[in-house]
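In: Just a sequence and a predicted model for now, questions to come.
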Amino acid sequence: MSQQFACSIKRIRFDENYQPADSTRLTTNFANLARGESREQNLRNTLRMINNRFNALAHWDNPKGDRYSLEIDIVSADLDVEGNGNAFPAIEMLKSTIVDHRTNQRIEGMIGNSFSSYVRDYDFSVLLLSQGHKAGEMPDNFGDLHGKLYQYVVNSEAFQSQFNKQPVICLSVSTTKTYYRTANIHPVLGVEYQQNEYSRTDHYFAKMGLTVRYFKPENSAAPLAFYFSGDLLADYTDLELISAISTMESFQKIYRPEIYNANSTAGQVYQPSLEYPDYSLTQIVYDRVERSQLAVKQGKWTEEHFIKPYQHILEQWAASYAVATNAA
């Protein structure tokens with residue numbers, strides 16, 4: 001039987017008054033916006049973008065396009081490895097609640113959306129570089145520990161007592177892959193795209209027990225990558241899916257405008273590129289160079305405060321967790 005780590009869940013509201021917690025990675029999309037002189041305007045504009053996109057997609061019985069708004073919480077899952085009260089911030093995600101202003105109802109939105117992980121920073125920005133792996137290369141066991149930690153968290157009593165569905169993570173498509181439009185069209189997710197080979201991120205998320213599908217919603221410039229367990233199309237309501245699209249497409253327009261705020265839409269064969277020149281900028285301040293530099297710092301911090309101090313415990317736990325999982 002594998003050792004039990006204590007898991008705890010915390011929430012912070014993401015609104016125009018949001019201040020990142022000390023444990024939050026500063027490269028995380030929501031935290032990056034909440035810094036500097038433009039922080040309040042950044043946050044206000046981002047939330048407006050999200051609500052406008054939600055209403056555009058949830059257009060039925062919504063003639064003025066103002067029926068809904070989203071309340072967004074940042075959900076932090078912390079792990080106490082030794083049971084001594086020293087908790088490590090394992091993952092952060094977003095949970096939305098849909099407010100229907102016509103019926104005054106509060107409706108469950110998606111859990112997941114964004115995905116923030118210090119261990120992922122370590123794996124991608126420290127481990128791969130220290131082992132000399134080139135772009136796209138990775139060792140066979142890459143992401144094993146992280147994948148098990150993620151599954152441990154989302155299947156924990158602490159997590160499942162607050163969320164009745166498994167997370168859906170929504171990310172940008174990979175700039176190293178080519179995507180092909182299919183004939184499959186979903187009424188909310190839009191046109192499905194496929195590609196012939198997993199990206200390194202796709203492989204990494206597969207270690208977390210997540211499958212990926214790519215959809216381009218109506219009036220989107222490019223497909224989004226949806227990572228999920230179970231059945232993406234059957235397990236979630238239309239409004240849950242719309243909450244994920246509106247939240248994460250808005251973030252991607254800020255962070256990757258060359259792809260998601262391009263002035264032309266993805267065609268039958270689509271190769272995403274951050275060198276694409278014909279795009280529009282949002283009115284939101286963001287420093288992409290600083291973000292990549294911070295990822296390395298955060299990865300080294302993780303190595304110092306989590307990977308090295310708990311290495312023996314984590315290795316033993318991962319080995320026994322694999323046995324327990326396979327036997328289930």
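Out: Sure thing, it's come through. Numbers count the residues shown, from 1 in each chain.
In: if we look at stretch 100-111, which residues are touching it?
Out: If you take Cβ atoms under 8 Å, 6 or more residues apart in numbering as the criterion, stretch 100-111 is touched by 61, 66-70, 75, 93-99, 163-168, 236, 239-241, 243-244, 247. All C-beta spots, glycine's among them, are computed from the backbone N, C-alpha and C.
In: ok, of these, which come out buried?
Out: Among the contacts of stretch 100-111, the ones that count as buried by 16 or more other Cβ atoms under 10 Å are 67-70, 75, 93-96, 98-99, 163, 165-168, 236, 239-241, 243-244, 247.
In: So which of these belong to helices?
Out: Counted as lying in helices by DSSP state H, out of these, are Leu239, Glu240, Leu241, Ser243, Ala244, Thr247.
In: wait, the first one sits on Ala58?
Out: Yes - taking Cβ atoms under 8 Å as the definition, Leu239 is a contact partner of Ala58 at 6.4 Å.
In: Which neighbours do these two have in common?
Out: Here Leu239 and Ala58 share the contacting residues Tyr68, scored by Cβ under 8 Å, 6+ apart.
In: that older thread, in strands, which of the buried ones among the contacts of stretch 100-111 fall?
Out: Counting by DSSP state E, the buried ones among the contacts of stretch 100-111 place Tyr68, Ser69, Leu70, Val75, Met93, Leu94, Lys95, Ser96, Ile98, Val99, Val168 in strands.
In: any idea which of the residues you listed is closest to Lys300?
Out: Nearest to Lys300 among those, counting by Cβ to Cβ, is Met93 at 23.6 Å.
In: partner residues bridging the closest one?
Out: Val75, Phe115 (DSSP bridges).
In: ok, now which ones touch it?
Out: Per Cβ under 8 Å, 6+ apart, neighbours of Met93: Ile74, Val75, Ala77, Ile111, Gly112, Asn113, Ser114, Phe115, Ser116, Pro167, Ile169.
In: if you go through the stretch 101-250 of the chain in chain order, where are the helices?
Out: Using DSSP state H, counting those that start in this stretch, the helices of the stretch 101-250 of the chain run over residues 118-122, 128-130, 144-154, 157-160, 200-206, 238-255.
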